[in-house]
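[1] no sequence on this one, just coordinates:
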């Protein structure tokens, strides 16, 4: 089973991958474009990289098992 790429996994140097990311994540793409216009390049890169790292850490956390109901 193929897992879907996250927003941050696409190669931004590839036109095809940028288009695919825009198609899969239109609202997030729009958010980052607007953010890029409002922040300096250094601020934008710091924010983007911290969000990317946050997602990486979140997805690496061990999955907790579902609680089971005790039989009465």
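    It's in. Being a predicted model, the structure only gives us computed values, none of them experimental.
[2] In this protein, which helix is the longest?
    Secondary structure of the chain per DSSP state H: the longest helix is helix 41-60.
[3] residues making contact with it?
    If you take C-beta atoms under 8 Å, 6 or more residues apart in numbering as the criterion, helix 41-60 is touched by 6, 7, 8, 32, 35, 36, 39. For every residue, glycine as well, the C-beta is placed using N, CA and C.
[4] so which of those comes closest to residue 21?
    residue 7 (6.5 Å; C-beta to C-beta).
[5] wait, doesn't that closest one sit right on residue 27?
    No. Residue 7 sits out of contact with residue 27 when judged by C-beta atoms under 8 Å, with a separation of 10.3 Å.
[6] between these two, which one's more packed in?
    The neighbour comparison of residue 7 against residue 27 (other C-beta atoms under 10 Å) goes to residue 7, with 15 against 7.
[7] for the more buried one, what are its contacts?
    21, 24, 25, 28, 29, 55.
[8] What separation is there between residue 57 and residue 10?
    19 Å (C-beta to C-beta, to the nearest Å).
[9] Name the residue in these two with the higher neighbour count.
    Shown here are residue 57 and residue 10; by other C-beta under 10 Å, residue 10 has more neighbours (18 against 9).
[10] How much space separates the more buried one from residue 60?
    Taking C-beta to C-beta, one finds residue 10 at 19 Å from residue 60.
[11] any low-confidence regions in this structure?
    1-3, 61-72 (pLDDT under 70).
[12] which residue packs closest to residue 4, ignoring adjacent ones?
    In space, and not counting its chain neighbours, residue 4 is closest to residue 24: 7.6 Å by C-beta to C-beta, 6 or more residues apart in numbering.
[13] what's near enough to touch that neighbour?
    Counting by C-beta under 8 Å, 6+ apart, residue 24 has contacts 4, 5, 7.
[14] Would you mind giving these as CSV with secondary structure and distance to residue 45 added?
    Shown next, in CSV, are the contacts of residue 24 (DSSP: H, G, I helix; E, B strand; the rest coil; distance: C-beta to C-beta, whole Å):
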residue, secondary structure, distance to residue 45
4, coil, 25
5, coil, 20
7, helix, 15
